[in-house]
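Novice: I need the structure of the sequence given here:
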Amino acid sequence: MAKNEATAVNRKSDIISAAIEVFAEIGYYRATTAQVAERAKISQPYIFRFFATKEALLLTALEVSWSRVIQSFRQVVESAPPEQLETSLIEAYEDILDTYQNEVLLQMQAQTIQEEAIREAMRDGFRNVRLMVLNAFRGADIPNPEERTMLFLARGMLCNISVSLDMPELKEV
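Specialist: I've put the predicted structure just below:
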């Protein structure tokens, strides 16, 4: 990769990271590309070199956040013994909550945005996570895999609320 290409890839990554932070902190609708640019320490027009619209930037940020969850879960599914699968997936999600809190807050906000492209990105993300967990539970011969998957996802949503409201007692078992 040429130096200019590497720099462009790094800058695009910086923009996405800044967007995740800004959108999570003040919300997608209130956030401006000028605020994202300021956080990324670039000029506002430079954002539009990579993203045609603020919505396109949000969609990419959501894709990054869902990819992180999928990759984390994939590592667990590929390495955890069947009897520890569910516990290991829970621990992996707790690590995501601790390390990538802004991405989780971004996803939570995106759940309320009515634009069809954003709704579809959220549906795809949830669908992919659900299928991965369900297939893993089936492969591990976990009894009632559909119900266990639903409970796993419900627990994840409760963890999200716990983080957003700063109520750690919601995560206690």
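Novice: now the helices: where do they sit in this protein?
Specialist: Secondary structure of the chain (DSSP state H): helices located at 3-26, 33-40, 44-50, 54-79, 85-99, 101-110, 116-139, 145-165.
Novice: Return the set of buried residues in the third one.
Specialist: What that stands for is helix 44-50. 47, 50 (16 or more other CB atoms under 10 Å). Glycine gets a C-beta too; all of them are placed from N, C-alpha and C.
Novice: list the helices and strands it packs on?
Specialist: Using 3 or more CB pairs under 8 Å, 6 or more residues apart in numbering; DSSP states H and E, the elements in contact with helix 44-50 are helix 3-26, helix 33-40.
Novice: quick one: residue 124 and residue 66 touch, right?
Specialist: Yes - judged on CB atoms under 8 Å, residue 124 makes contact with residue 66 at a distance of 7.5 Å.
Novice: For stretch 20-39, give me every contacting residue.
Specialist: 15, 18-19, 43-44, 46-48, 54, 57-58, 61, 64-65, 101-103, 105-106, 109-110, 113 (CB atoms under 8 Å, 6 or more residues apart in numbering).
Novice: Drop anything exposed from these.
Specialist: Counted by 16+ other CB under 10 Å, those give 15, 18-19, 47, 54, 57-58, 61, 64-65, 102-103, 105-106, 109-110, 113 as buried.
Novice: Skip the chain neighbours and tell me the closest residue to residue 95.
Specialist: residue 72 (7.2 Å; CB to CB, 6 or more residues apart in numbering).
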